[in-house]
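Colleague: after the sequence you'll find the predicted model.
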Amino acid sequence: MAEFVGAIDQGTTSTRFMVFDHAGAEVARHQLEHEQVLPRAGWVEHNPVEIWERTSSVVQTALGKRGLQHSDLAAIGITNQRETTFVWDRRTGRPLHNAIVWQDTRTDALAAALDRDGRGDVIRHRAGLPPATYFSGGKLQWILEHVDGVREAAERGDALFGTADSWLLWHLTGGADGGVHVTDVTNASRTMLMDLETLDWDEELLGFFGVPRAMLPEIRESSASAAAGPFGTTRTPGPFGGEVPVTGILGDQQAATVGQVCFAPGEAKNTYGTGNFMLLNTGTEIVRSKAGLLTTPAYRLGDEPCVYALEGSIAVTGSAVQWLRDQLGIISGASESEALARQVEDNGGVYFVPAFSGLFAPHWRSDARGAIVGLSRFNTNAHLARATLEAICYQSRDVVEAMCKDSGVELEVLKVDGGVTLNSLCMQIQADVLGVPVSRPVVPETTALGAAYAAGLAVGFWSSTDELRENWREDTRWEPHWDDDRRAEGYARWQKAVQRTLDWVDV
């Protein structure tokens, strides 16, 4: 009997493959970065071929490190950066354009137009999303309108659209030779094209963006049901070297929700990656936000009803640390941000609002741009490093405040995961800014773990969500140290800094 479950985690800056045992412990992993293509200000793209090649490589390397074969895996799951938009030729597998990344802002005028003529209200109610550059529908419309021949190919059924999960699944299951074109409810919900209630593509929303239905993937559950069977099976030749059922698909933040075992209404998690993403489980009830959050499926396990969540999406958090490294050159690696920030006791009055792609939740202001305020000659690169870590935490507080307004639930503890949680100073600041404990699990990469859980539940590797709860273990807890006055003063100044970023770009 196969002893492990695998998970492909295709993220914004890198792709990893991880293998887990029945206890949810990591057995093997490998990870590779891919290029961030920046054709002009506000545009962010990825090379789809590079992402597929990186995926193949990390799978083969991770399995090779432990001498594992495809037969050692009971199933595999896929989790992915969500709104990033891929369009490719069904007959050849050739991308018809670079993937347009969720951070890309080229569709800001399109999003503004949707709000002006009333279509935005329809999208908010039906899809649970505000019209924004963040989501896939506008990016897909841009490709259809600006890349020669794509619309004609789409109407013939020869051009396929998908997020990263669909792109990878299609290749894993045969590509141009019978590849499966499928997505799950969590990824489909990020397009502005899916109805939250029917969990299917909506004809009126498709019409808003001029999207031919023929190019869209089939929407399935997040953990394959016994009746419908696997989403597909890996083919040979391929990175797995044999047949493995693909039985789990979840957008990365929903995968982290599953990995953090947030299965009860009121449970919340925050993932710290390129951006920050906080999800609050609202059960099978669709809660429509009045405070700037997204309403989204959290997961759908087999034939069970869909479970929904409120989500606060923040565009730039961990990538702000990368900006310190790559654009400013004040650190040589992300880990150095903590050591540099520890050289000072506070931010020295400096606040950094990294609105590089506008502001996401709860503000939704595409006209905003990044700002560093409060500078004096006294300040050093250490103050900027600390202000960058504080920006991660203050943006998360903005989302917590909105969640409390929408749900009426006061946060008691925040479960955290993702790469930034390895920065102990940042997590301490997060506890201080929120005034509640912050808890990191033993397995911090819960995105991959959640995809593995979804895949394993489908094949009986794990019997129930109760069994998954037993796997969860706390690794580190940070208690708040700031008093109420310091917390209130810091947040008030942060809000003042946010105001300085608005109305910078005309849209």
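Modeller: Arrived safely. Numbers count the residues shown, from 1 in each chain.

Colleague: against Leu293, how distant is Glu401?
Modeller: The gap separating Glu401 from Leu293 is 10 Å, by CB to CB, to the nearest Å. C-beta: built from backbone N, CA, C; applies to glycine.

Colleague: Leu32 now?
Modeller: Leu32 is 33 Å from Leu293, by CB to CB.

Colleague: so which of the two has more stuff around it?
Modeller: Remark: of Leu32 and Leu293, Leu293 carries more neighbours, 28 against 16, as counted by other CB atoms under 10 Å.

Colleague: picking up where we left off before, between Glu401 and Leu293, which contacts overlap?
Modeller: Pro362 (CB atoms under 8 Å, 6 or more residues apart in numbering).

Colleague: max-length helix in this structure?
Modeller: Of all segments of type helix in the chain, defined using DSSP state H, the longest is helix 381-407.

Colleague: what are the buried residues along that one?
Modeller: Neighbour counts over helix 381-407 (16 or more other CB atoms under 10 Å) mark 381-403, 406-407 as buried.

Colleague: do the same with stretch 179-188
Modeller: Using 16+ other CB under 10 Å as the test for burial, stretch 179-188 gives 179-188.

Colleague: wouldn't Leu38 be in contact with Val44 here?
Modeller: Yes - Leu38 is within contact range of Val44, at 6.2 Å (criterion: CB atoms under 8 Å).

Colleague: if we can go back for a sec, can you put the buried residues of stretch 179-188 in CSV and add pLDDT?
Modeller: Formatted as CSV, those follow (pLDDT from 0 to 100):
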residue, pLDDT
Gly179, 95
Val180, 97
His181, 97
Val182, 98
Thr183, 98
Asp184, 98
Val185, 98
Thr186, 98
Asn187, 98
Ala188, 98
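
Colleague: ok, of those residues, which one's closest to Thr12?
Modeller: Nearest to Thr12 out of the buried residues of stretch 179-188 is Asn187 (CB to CB; 14.4 Å).

Colleague: which other helices and strands contact the helix or strand the closest one falls within?
Modeller: Per DSSP states H and E, Asn187 falls inside helix 185-188. In terms of contacts (3 or more CB pairs under 8 Å, 6 or more residues apart in numbering; DSSP states H and E), helix 185-188 is packed against strand 218-220, strand 245-251, strand 294-299.

Colleague: so what touches that helix?
Modeller: By CB under 8 Å, 6+ apart, helix 185-188 touches 80, 82, 163, 165-166, 194, 199, 201, 217, 219-222, 249-251, 254, 296-300, 306.

Colleague: ok, then the element right after it?
Modeller: strand 194-195.

Colleague: run me through the strand neighbours of that next one, direction for each.
Modeller: Partners of strand 194-195 in the sheet, by DSSP bridges, are strand 200-201 (antiparallel).

Colleague: quick one: contacts of the strand it pairs with?
Modeller: Here strand 200-201 has contacts from 188, 193-195, 213, 216, 219, using CB under 8 Å, 6+ apart.
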